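J.: sequence and predicted structure, then a few things I'm wondering about:
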Amino acid sequence: MSDDEAKQPKRRRGPKKATAKYLENSAAHYLGRFATSRAHLRQLMMQKVKRSADHHGTDPAEGEKFVDEIIAKFERYGFVDDRAYAEMRARTLHAKGTPVRGIRYKLMQKGLDEDHIDAALGALAEEERTSDLDLAAALTLARRRRLGPYRSDDPDVRAERREKDMAVLARAGFAYDVVCQVLDADSVEELELAAALAP
């Protein structure tokens, strides 16, 4: 290889042509790595179709038809299931300490409809055996971040850090009354009992 060849930058390959086989393989590869909703998978595949149309001059309508057929096929095989995805994602977000409003927003971003979101939140409340999912999520976040009663039993230490603890919970999206309920509890046991007895 000569010095001139070594100095030339490598040319970037353009996007692959969006054939039915390529799109199906691409969707299968994505689904092998990630769970996703129907709408999100469609959005990803349509991006590939658009890039292919711009670069190769392929027909976007034909690509859209391929995408719809592929998604329908994966739904029949059970690889794409919006209800199961909504429940799994709601459970994961709740375990991280995300409030109900945040869970609802993130599921809507993935293109899930209200029925699937409501069903997922209902299943989560049943699974957690509480109707106050926000309090349960706030407890999880407080435990993880060592806020309020999870920080210390000493009231002076807690009073000193109260505003910062409030800010953490507020930025996470919790309502003021939930924040106060978590931070004003005298002990961890009292707080967990209140969460267990929530109507």
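T.: Perfect, I can see it now.
J.: break this structure down into its domains, please.
T.: 20-77, 82-128, 133-196 (automatic domain parsing).
J.: quick one: the ones you listed as JSON lines, columns for mean neighbour count too.
T.: The C-beta positions use only the backbone N, C-alpha and C, and glycine is treated the same way. Formatted as JSON lines, these follow (neighbours: other CB atoms under 10 Å):
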{"stretch": "domain 20-77", "mean neighbour count": "16"}
{"stretch": "domain 82-128", "mean neighbour count": "18"}
{"stretch": "domain 133-196", "mean neighbour count": "17"}
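J.: helices of this structure, residue ranges please.
T.: 3-7, 20-33, 38-56, 60-77, 82-95, 100-109, 114-128, 133-145, 155-172, 176-183, 188-196 (DSSP state H).
J.: what mean pLDDT does the third one have?
T.: For helix 38-56, mean pLDDT is 95.
J.: chain center to it, what's the gap?
T.: Relative to its parent chain, helix 38-56 has a centroid offset of 21 Å by CA atoms, centre = their mean, to the nearest Å.
J.: what packs against it?
T.: For helix 38-56, the packing partners by 3 or more CB pairs under 8 Å, 6 or more residues apart in numbering; DSSP states H and E come out as helix 20-33, helix 60-77.
J.: would JSON lines of the domains of the chain with distance to residue 14 be doable?
T.: Converted to JSON lines, the domains of the chain look like this (distance: least, CB to CB, whole Å):
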{"stretch": "domain 20-77", "distance to residue 14": "5"}
{"stretch": "domain 82-128", "distance to residue 14": "28"}
{"stretch": "domain 133-196", "distance to residue 14": "42"}
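J.: run through this protein and note the low-pLDDT ranges.
T.: Low-confidence segments of the chain, defined by pLDDT under 70: 1-6, 197-199.
J.: and residue 148, which of the helices and strands packed on helix 38-56 is closest to it?
T.: Of all the helices and strands packed on helix 38-56, helix 20-33 sits nearest to residue 148, with 38.0 Å by CB to CB.
J.: thinking again about what came up before, so which of the helices and strands packed on helix 38-56 comes closest to residue 158?
T.: helix 20-33 (43.4 Å).
J.: now the closest residue to residue 18 other than its chain neighbours: how far from residue 117?
T.: Distances taken as CB to CB, 6 or more residues apart in numbering place residue 52 nearest to residue 18, at 3.6 Å, with adjacent residues excluded. Remark: distance between residue 52 and residue 117 (CB to CB, to the nearest Å) = 33 Å.
J.: again with residue 69
T.: For residue 69, the distance to residue 117 (CB to CB) stands at 27 Å.
J.: got it, and residue 87?
T.: Applying CB to CB to residue 87 and residue 117 gives a distance of 10 Å.
J.: do residue 177 as well
T.: 23 Å.
J.: may I have the phi/psi pair for residue 8?
T.: phi -70, psi 130 (degrees, to the nearest 10).
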